[in-house]
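**Q** I'll drop the sequence and a predicted model, then ask my questions.
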Amino acid sequence: MATLDLQEQEQVDAFKHWWKDNGTSVVLILVAALTVFAVSKGWQYYKEKQANEASTLFAELNKQILSNDPKRINDAAAAVMDKYASSAYAPRAAMLAAQSNIQVKDAVHAKTQLQWVIDHASEAGLKDVARLKLASLLLDEKNYADALALLNAAHSDALAGLYADLKGDVLNAQGKTDEARAAYQQAVIKIDAKSPYHGLIQMKLDALGGAK
């Protein structure tokens, strides 16, 4: 028994020695692990809370869209964009508000909201649509240079036909007939031949002497 006690004492002494050399590191590792766990859980809770709050405000925006009140719509959209800019709801709120402003011919607000989507949206598809809409507004204002800059930006092939068509409109407005014809020809290729829109583009092309 005495021998066993001696062995136990040696083990205790060995552990004390090891703990003296490594105890601080072990504690730090444990604290770090617990901190990471807590932060992870906290961040998850925060993201869920943010998403729920953003969703609530977005739902409010949809209600205001039905009211057809520009101020209420813009205020509701701004609430989502300002408070939850990094959420998926923010660029959609900006797009909805921009479309509403386009309908009431408020180009100032619409352009600001569309530019916000271009600058902040994480989804390429939303950026592509925002560029297209903004370029259309700039064409109406005869701001051809900025409109073309947007239309020349990289975009998805799914929107290539619409981009080419609007580019043709801008070039045609500038009196650049040959370049406009080339753009319309590209649009005709990209747009589904069964689409009614295809026929409209073909009419533009024919008007420029594109049908040989």
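**A** Alright, I've got the coordinates. Numbering: from 1, shown residues only.

**Q** what about the most centrally placed residue in the chain, distance to residue 99?
**A** Centre of the chain computed as the mean C-alpha position; nearest residue by CA atoms, centre = their mean is residue 121, 2.0 Å away. Plainly put, residue 121 is 15 Å away from residue 99 if you go by CB to CB, to the nearest Å. For glycine as for every other residue, the C-beta is placed from the backbone atoms N, C-alpha and C.

**Q** shaky segments in the chain?
**A** Under the criterion of pLDDT under 70, the regions of the chain flagged as low confidence span 1-50, 210-212.

**Q** now the helices for it?
**A** Shown for the chain, the helices assigned by DSSP state H span residues 2-67, 70-83, 89-103, 107-120, 124-140, 144-151, 160-173, 177-190, 196-207.

**Q** how many other residues sit next to the spatially closest residue to residue 205 that is not a sequence neighbour?
**A** Leaving out its chain neighbours, the residue that sits closest to residue 205 by CB to CB, 6 or more residues apart in numbering is residue 184, at 4.2 Å. Residue 184 has 26 neighbouring residues, counting by other CB atoms under 10 Å.

**Q** what does the one 10 residues further on give?
**A** Residues near residue 194, counting by other CB under 10 Å, number 7.

**Q** Residue 178 too?
**A** For residue 178, which is what you asked about, the neighbour count (other CB under 10 Å) is 9.

**Q** and if you look at residue 208?
**A** One way to gauge burial is a neighbour count; for residue 208, by other CB under 10 Å, it gives 16.

**Q** got the phi/psi numbers for it?
**A** phi -90, psi 0 (degrees, to the nearest 10).
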